[in-house]
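Trainee: Sequence and computational prediction follow.
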Amino acid sequence: MNQLPLGSQKDILIEPRKALTEDSLKDILRKSGLKITKQRLAILKVLNSGPRYHKTAQDILDEVKKINPNLGFATVYRFLKKLIQFQFISKISMEAGSACYELKSNESHYHIACINCSKIVEFKNKLIESTLQKIVLEKKYKLQNQIVEIYVTCDQCSQLSS
């Protein structure tokens with residue numbers, strides 16, 4: 001397990017992700033039917049950069065503004081909505097605050113998120129995976145997308161409230 005420092009928070013990734021190449025990021029734009037612009041590519045590069053892969057729209061804007069100071073929040077947010085629509089990113093709805101976004105990976109994984117500090121733990125679980133597949137097959141559905149989010153109070157936050 002790899003712990004990655006984030007100031008007061010930490011993302012814990014089960015397996016470090018491989019960063020996508022610039023060509024792969026451009027392919028995301030092409031497949032979405034969107035023009036390849038410096039702004040869109042910069043946003044994708046921020047989503048593709050670690051060590052923290054779960055980022056709020058504000059996090060993304062702050063990082064992109066270092067490259068393009070004229071970029072506005074509305075532009076970032078509209079592009080994130082498009083990426084969700086085309087299923088290239090996932091939105092993790094945090095109960096404690098802003099939603100986080102991540103580039104979709106080819107491997108299924110799930111999230112446990114602390115409702116107080118927003119720490120996100122990614123994990124894989126074959127039992128959850130097989131149960132979801134079984135339900136989909138039994139109901140004769142076609143799986144389009146899956147997002148499993150479990151909300152908890154982490155150990156550190158639990159100790160603070162005791």
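Mentor: Received it, and whenever you're ready, just let me know what you need.
Trainee: Look up the closest residue to L41, ignoring the ones flanking it.
Mentor: L25 (6.2 Å; CB to CB, 6 or more residues apart in numbering). No exception for glycine: its C-beta is placed from N, CA and C like everyone else's.
Trainee: Quick check: the one you found touching K45?
Mentor: Yes: when contacts are counted by CB atoms under 8 Å, L25 is listed as touching K45 (6.6 Å).
Trainee: Have a look at these two and say which one is more surrounded.
Mentor: Neighbours per residue (other CB atoms under 10 Å) separate L25 from K45, with L25 holding more: 21 against 16.
Trainee: list the contacts for the more buried one?
Mentor: By CB atoms under 8 Å, 6 or more residues apart in numbering, L25 lies in contact with 41, 44-45, 48.
Trainee: just the residues you listed now: which is nearest V76?
Mentor: Nearest to V76, judged by CB to CB, of the contacts of L25 is L44 at 11.2 Å.
Trainee: ok, the closest one - contacts?
Mentor: Neighbours of L44 in contact, by CB under 8 Å, 6+ apart: 25, 28-29, 103.
Trainee: Tell me the secondary structure of the most centrally placed residue in the chain, please.
Mentor: Of all residues in the chain, the one closest to the mean position by CA atoms, centre = their mean is E102, 1.9 Å from it. Secondary structure, DSSP: H, G, I helix; E, B strand; the rest coil: E102 is strand.
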